[in-house]
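**Student:** My questions are about this predicted structure, shown below with the sequence.
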Amino acid sequence: MNFYTRRFNLYLLPWVVCLLVSGCALWHHGDKNRAVGIVRVHVESDNSNAGTTKDITFPRADPIVLNIQTDAILTEVDIVGARLFETPGGGFAVELKFSETAGWRLQQYTAASPGKHLAIFAQWGKNLKDGRWLATPLIAHPIANGTLTFTPDASREELDQWIKGLDAVAKKNTTTRETP
C-alpha cells in the first residue's frame with residue numbers, strides 16, 4: 001500500500017492554517033472587561049393570569065407588590081442613548097432614549113395604560129450578576145418623544161456602571177442597524 005505523505009501534507013496544510021486562524025478568533029470573544037447593561041421595561045397588569053403576569057416588589061426599602069406583564073415592551077436592543085443627570089434636589093435621574101419604532105411602542109403602551117406603572121429592571125457589571133428593579137414610574141400621560149426619564153433606586157456607582165453598559169450596547173446596536 002502506497003501512502004503519499006507529501007500530497008497529504010499539502011492538502012492538510014491549508015486546513016490547519018484555517019483552523020488555527022479561526023480558533024484564535026474563537027478564543028478572543030472581545031474584551032472581557034467590556035461594559036454591558038441590560039434594561040427591561042414592563043407594564044403593570046390588571047389581571048393575574050399565571051404565565052402572562054408576575055408579582056414584583058419595589059422599592060428595596062418599604063416594598064410594595066406590583067403585578068406586571070411578563071413580556072417586556074422595551075429592552076436594551078431598543079436603546080439609542082442613555083444618560084445620568086443631576087436633579088435640583090441633590091439627587092439624580094436616568095434618561096433612556098429609544099429608537100423611533102421603540103418610541104412608537106412606548107407611546108402606544110403609555111397611551112393605553114394611564115394610571116398604571118412602568119416597571120424598569122436593570123442588570124449591570126461583569127457577567128451581569130448585579131441587577132434588580134430600579135423604578136416603577138406612574139404613567140401620567142402618553143410618552144410621545146421616545147424618551148423615558150425616571151428616578152432610580154440605586155447608587156451613583158451602580159448607575160454609572162449601568163449607563164456605561166447601555167451606551168456600549170447602544171453603539172453596537174447603531175452600528176448593526178447601519179450595516180446592511
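**Tutor:** Okay, I see it. In this text, all values refer to a predicted model and were calculated from it rather than measured experimentally.

**Student:** For residue 163, I want the exact helix or strand it lies within.
**Tutor:** For residue 163, the host element (DSSP states H and E) is helix 156-178.

**Student:** pLDDT averaged over that helix, what's the number?
**Tutor:** In this model, helix 156-178 has a mean pLDDT of 84.

**Student:** Stretch 54-62 too?
**Tutor:** Here stretch 54-62 scores 88 as its mean pLDDT.

**Student:** This protein: helices as residue ranges?
**Tutor:** 5-27, 100-112, 156-178 (DSSP state H).

**Student:** which stretches of this structure have low pLDDT?
**Tutor:** Within the chain, the ranges that satisfy pLDDT under 70 run 1-34, 50, 175-180.

**Student:** swap the cut-off to 80 and go again
**Tutor:** 1-35, 48-51, 126-130, 173-180 (pLDDT under 80).

**Student:** still on that earlier bit, only C-alpha atoms, please: export the helix holding residue 163 in CSV.
**Tutor:** Only the C-alpha atoms of helix 156-178 are listed here, as CSV (Å, rounded to 0.1, in the frame of the first residue of the first chain):
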residue,chain,number,x,y,z
ARG,A,156,-24.5,56.5,41.8
GLU,A,157,-21.7,53.9,41.2
GLU,A,158,-24.2,51.2,40.1
LEU,A,159,-25.9,53.7,37.7
ASP,A,160,-22.6,54.8,36.3
GLN,A,161,-21.7,51.2,35.5
TRP,A,162,-25.2,50.5,34.1
ILE,A,163,-25.3,53.6,31.9
LYS,A,164,-21.8,52.8,30.6
GLY,A,165,-23.0,49.3,29.6
LEU,A,166,-26.2,50.7,28.0
ASP,A,167,-24.2,53.1,25.9
ALA,A,168,-21.9,50.3,24.7
VAL,A,169,-24.9,48.3,23.7
ALA,A,170,-26.5,51.3,22.0
LYS,A,171,-23.3,51.9,20.0
LYS,A,172,-23.3,48.3,18.9
ASN,A,173,-27.0,48.5,18.0
THR,A,174,-26.4,51.6,16.0
THR,A,175,-23.5,50.0,14.0
THR,A,176,-25.6,46.9,13.4
ARG,A,177,-28.6,49.0,12.2
GLU,A,178,-26.4,50.9,9.8
